[in-house]
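A.B. asks: No sequence on hand, only this structure:
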């Protein structure tokens, strides 16, 4: 698939996935949702990628669904069903990536934009960023996985407050609530996000994949099952070249030179 609404490129094992509808606030219409799902599928199959940096062009990360397009549809349900389906395929694939997913958020992260941020493992936000659900404000209910992610991140009561009242969180408030990992000056957002993403992309990919999978699965597994999974994972990791390099580097008091092997 050729992309016109997003950009995808890989440099030094770091995949750059960028929303590219800046004149529309990166609002999600059907074409963008389909491209996002396709790109996320490609990333899920790419074994040479060590981390993914999700960013956006323009003043806003993503203002949510393309409400202006919604208003032109006489049969809105027939438009929203394939849009939500494509968006949800993309969100699911991104959230289930084995490698770290870092989101760099500026301006508005509203509706599905906030959902995309919540699906990431790390969220680096400009100090001018704002987060809001906004769905019920236009008579719609949440999508993009927000009803799944939010309560796990902030707890049930705070999730309900965000969903029902459409409260707008500043970047600092979003950090205090656990939605954002780090807040940086707006002018430093791109650099700060790369400073986090690049070392992860250059890290011990197998160990990072296993670590992320263990933490993610730990939400639903019993203690004994999780302990067994930890045993299997660390034994498997110990077979890798990266483990041998990391252990040798520790003993030699030097930085490790991982190759993702």
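C.D. replies: Looks like it came in fine. For clarity, every value in this text was computed on a predicted model and none was experimentally measured.

A.B. asks: Can you check which helix is longest in this structure?
C.D. replies: Ranked by number of residues, the top helix in the chain under DSSP state H is helix 76-95.

A.B. asks: Check which helices and strands that helix is in contact with.
C.D. replies: helix 30-45, helix 67-71, helix 112-119 (3 or more C-beta pairs under 8 Å, 6 or more residues apart in numbering; DSSP states H and E). Using the backbone N, CA and C atoms, a C-beta is placed for each residue, glycine as well.

A.B. asks: What lies in contact with the second one?
C.D. replies: By that I understand helix 67-71. Residues outside helix 67-71 that contact it (C-beta atoms under 8 Å, 6 or more residues apart in numbering) are 24, 27, 29, 76, 79-80, 138.

A.B. asks: Just the buried positions in it, please.
C.D. replies: 69-70 (16 or more other C-beta atoms under 10 Å).

A.B. asks: for that helix, what is the average pLDDT?
C.D. replies: In this model, helix 67-71 has a mean pLDDT of 93.

A.B. asks: centroid residue for this protein?
C.D. replies: In the chain, the centroid-proximal residue (C-alpha atoms, centre = their mean) is residue 120; its distance is 2.5 Å.

A.B. asks: My read is that residue 63 contacts residue 32, right?
C.D. replies: No - under the criterion of C-beta atoms under 8 Å, residue 63 is not in contact with residue 32, lying 11.9 Å apart.

A.B. asks: how about low-confidence regions in the stretch 1-150 of the chain?
C.D. replies: Across the stretch 1-150 of the chain, nothing is flagged by pLDDT under 70.

A.B. asks: follow-up on the earlier one: put the buried members of the contacts of helix 67-71 into a PyMOL selection.
C.D. replies: Restricted to buried positions by 16+ other C-beta under 10 Å, the PyMOL selection for those reads:
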select buried, resi 24+27+29+79+80
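
A.B. asks: Could you dump the contacts of helix 67-71 into JSON lines and include distance to residue 255?
C.D. replies: Output for the contacts of helix 67-71, formatted as JSON lines (distance: C-beta to C-beta, whole Å):
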{"residue": "24", "distance to residue 255": "43"}
{"residue": "27", "distance to residue 255": "43"}
{"residue": "29", "distance to residue 255": "45"}
{"residue": "76", "distance to residue 255": "55"}
{"residue": "79", "distance to residue 255": "52"}
{"residue": "80", "distance to residue 255": "50"}
{"residue": "138", "distance to residue 255": "51"}
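
A.B. asks: my guess is the residue nearest to the centre of the chain meets residue 99, correct?
C.D. replies: No - with contact defined as C-beta under 8 Å, residue 120 does not count as touching residue 99 (11.8 Å).

A.B. asks: What ranges does the chain have for its strands?
C.D. replies: Applying DSSP state E to the chain gives strands spanning 6-11, 14-19, 51-56, 101-105, 108-110, 122-126, 130-132, 169-170, 182-184.

A.B. asks: which parts of the last one are buried?
C.D. replies: This means strand 182-184. 183-184.

A.B. asks: Summarise which helices and strands it is packed against.
C.D. replies: By 3+ C-beta pairs under 8 Å, 6+ apart, strand 182-184 packs against strand 122-126, helix 171-176, helix 189-201.

A.B. asks: try the fourth one
C.D. replies: On a contact count with 3+ C-beta pairs under 8 Å, 6+ apart, strand 101-105 meets strand 51-56, helix 112-119, strand 122-126, helix 189-201.
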